[in-house]
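Asks: need a 3D model of the following:
(one chain, ligands or ions: 1)
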Amino acid sequence: MQRYRGSCHCGAVAFEIETDFPELTTCDCSICRRKNALMVKVHESRFRLLSGEDSLTEYRFHTMTARHFFCKTCGIYPFHRKRVTPDYFGVNVFCLHNVDLSSIPVRQTAGVTME
Ligand SMILES: [Zn+2]
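Replies: Numbers count the residues shown, from 1 in each chain. Down below sits the predicted model:
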């Protein structure tokens with residue numbers, strides 16, 4: 001597995017993940033649709049927040065289980081805690097540095113039916 005760094009736009013929020021990118025996922029739930037999110041799923045043991053804990057704001061809705069994080073300064077969504085598998089993060093792959101996403105398969109997940 002390789003280690004990748006990511007950050008929000010202003011740089012306040014920085015994090016690191018380890019993954020071999022088995023797939024990327026999209027989601028059609030009400031929030032992911034609006035974010036146009038393309039994500040990679042990583043277990044919390046493979047996720048590390050490097051900076052920016054104070055810069056994150058959290059949004060919850062519906063069952064209040066999933067925790068959607070945003071940078072207070074630049075508004076970027078870097079990652080969220082998942083609802084069905086709360087020990088996993090969904091990470092915004094466009095926040096990652098130096099990753100070629102072109103050869104990774106994309107799977108569409110159905111979030112809208114869970115709402
Ligand atoms: Zn930011």
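Asks: all contacts plus neighbour counts: C-alpha atoms, from now on.
Replies: Fine.
Asks: C27 - how many residues pack around it?
Replies: When neighbours are defined as other Cα atoms under 10 Å, C27 has 19 of them.
Asks: next, count neighbours for the residue nearest to it when sequence neighbours are not counted.
Replies: Leaving aside its chain neighbours, C27 sits nearest to T109 (4.9 Å; criterion: Cα to Cα, 6 or more residues apart in numbering). The criterion is other Cα under 10 Å. On that basis, T109 has 13 neighbouring residues.
Asks: check the gap between T109 and the ion for me.
Replies: Taking Cα to the ion, to the nearest Å as the measure, T109 and the ion are separated by 27 Å.
Asks: that residue against E23, yeah?
Replies: No - assessed by Cα atoms under 8 Å, T109 is found out of contact with E23, at 11.5 Å.
Asks: H9 is in contact with I76, isn't it?
Replies: Yes - A contact is recorded between H9 and I76 when judged using Cα under 8 Å, the distance being 6.5 Å.
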